[in-house]
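Trainee: Take this sequence and fold it.
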Amino acid sequence: MAGSGAAQSIIETEAFAAAVARRASYALAKVGSRCEVFSIGGLGFQLIGPTEDRGPWLGRAFPRRSSGLGDRSLPTSLHQLLVWDGTGEDELPPNPPWGPADQTQFGLIGGFSDQPIRCAFDIGTNSLSVYNFADDVSHTWFPSIAALSTWVTAIPFRTVLSWHCNLHGMQLVHGAAVALGGKAALLAGQGGSGKTTTVLASALAGLGYIGDDYCAVEPGNATIHMVYRTAKMWRPTLNLLPALEPLIVNPRELPDKKGIIFFEDDDLTLVHSAQLAAILLPRFGTERGTKVLPGTHAEAIKAILPSTILGLLGGTSVTPRLIMQLVHSVPVFHLELGTDVEAVPDAIAQLLETV
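Mentor: Numbers count the residues shown, from 1 in each chain. As a prediction, the model looks like this:
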């Protein structure tokens, strides 16, 4: 009987995924669509969504391929990521085969989130995501793309992209990263630990910018990749780094919300991929100078794993393994941030030159 129930669940999930695909295609055909190809490292995906008169183009957050993505060419078969919105009768997703009790605390739908289909509902944006592994396509629905907060448009589709990355031995992680000479440092820690201020100060000083909130890592070859060319920061960071003020796209939302930046190539040195050389755990110190002190793998796991799982609606079954592999592949250090912000980039540069 248990096997019969599981088979029925698979049939229902596949039928629902097919109905979602039809609804998305119909809705996009009605309003008009645009598409663009992006890449995380060498892993490509094609974003298909409504034209900008429906709301902001959510591809804006991703690095442009013309900026240079290394020598690896995109695969001939790209994952298709379709997004649509609307609350009209012919725009809403079809009725799901699950009930309220099936939704887990993270957002995954219990019994409806195993291969070949994975379903999730994000209560933060009231959005539905359905990933069809067999067809290599995913669909995401929002009630209104135009009503999305600037914060959401700065890091779109992170859960779906994390599922896509997991299929190819990659993992999105909650953390920031900078690079120098082809080597990168991943900064991890709780909100308020100084990650954003550190990477932005370093980028303004000439180090390469990989990301402020989420990056993608390949533990198998210790590489790290840019996912979003964006940054989010509170007013105190802007006060320390006033050169960023003109780049804020939502100045009226400060100081109640974070300021958002969509970086262009002439704003900073944007680095799309680099060899991961170290994990840094920032914390604020009381002295003027910044110190680099030894850390442990256990401290790095604690800094990366919980926030990554929480931010990615639970991740997948391989997320803990990939993060454990990542953490044990490079040395870990505490970055005790001094009060002299201008000295922080030098400390990171010296570390990257020696590891």
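Trainee: Helices of the protein, start to end?
Mentor: 2-31, 150-154, 158-166, 195-204, 235-240, 297-311, 319-327, 344-354 (DSSP state H).
Trainee: Determine which stretch of those helices is the most buried.
Mentor: helix 195-204 (a mean of 25; mean count of other Cβ atoms under 10 Å). C-betas here are computed from N, CA, C, even on glycine.
Trainee: Show me what the strand ranked longest in the chain is packed up against.
Mentor: Looking across the chain with DSSP state E, the single longest strand is strand 273-284. Applying 3 or more Cβ pairs under 8 Å, 6 or more residues apart in numbering; DSSP states H and E, one finds that strand 273-284 contacts strand 183-187, helix 195-204, strand 223-226, helix 297-311, strand 332-337, helix 344-354.
Trainee: how about those, which one is nearest Thr290?
Mentor: Judged by Cβ to Cβ, the one of the helices and strands packed on strand 273-284 that comes nearest to Thr290 is helix 344-354, at 4.1 Å.
Trainee: if we look at the closest one, which residues are touching it?
Mentor: By Cβ atoms under 8 Å, 6 or more residues apart in numbering, the surrounding residues in contact with helix 344-354 are 178-181, 183-185, 198, 201-202, 204-207, 277-278, 280, 289-292, 333, 335, 337-338.
Trainee: And it, how far out from the chain middle?
Mentor: 25 Å (Cα atoms, centre = their mean, to the nearest Å).
Trainee: cool, stretch 342-350 as well?
Mentor: Relative to its parent chain, stretch 342-350 has a centroid offset of 26 Å by Cα atoms, centre = their mean.
Trainee: Could I get the average pLDDT for it?
Mentor: The pLDDT scores in stretch 342-350 average 96.
Trainee: Equivalent analysis for stretch 56-64, please.
Mentor: Mean predicted confidence for stretch 56-64 is 95.
Trainee: Buried subset of the contacts of helix 344-354, written for ChimeraX?
Mentor: Only the buried entries of the contacts of helix 344-354 go into this ChimeraX selection, using 16 or more other Cβ atoms under 10 Å:
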select :178,179,180,183,184,185,198,201,202,204,205,207,277,278,280,290,292,333,335,337,338
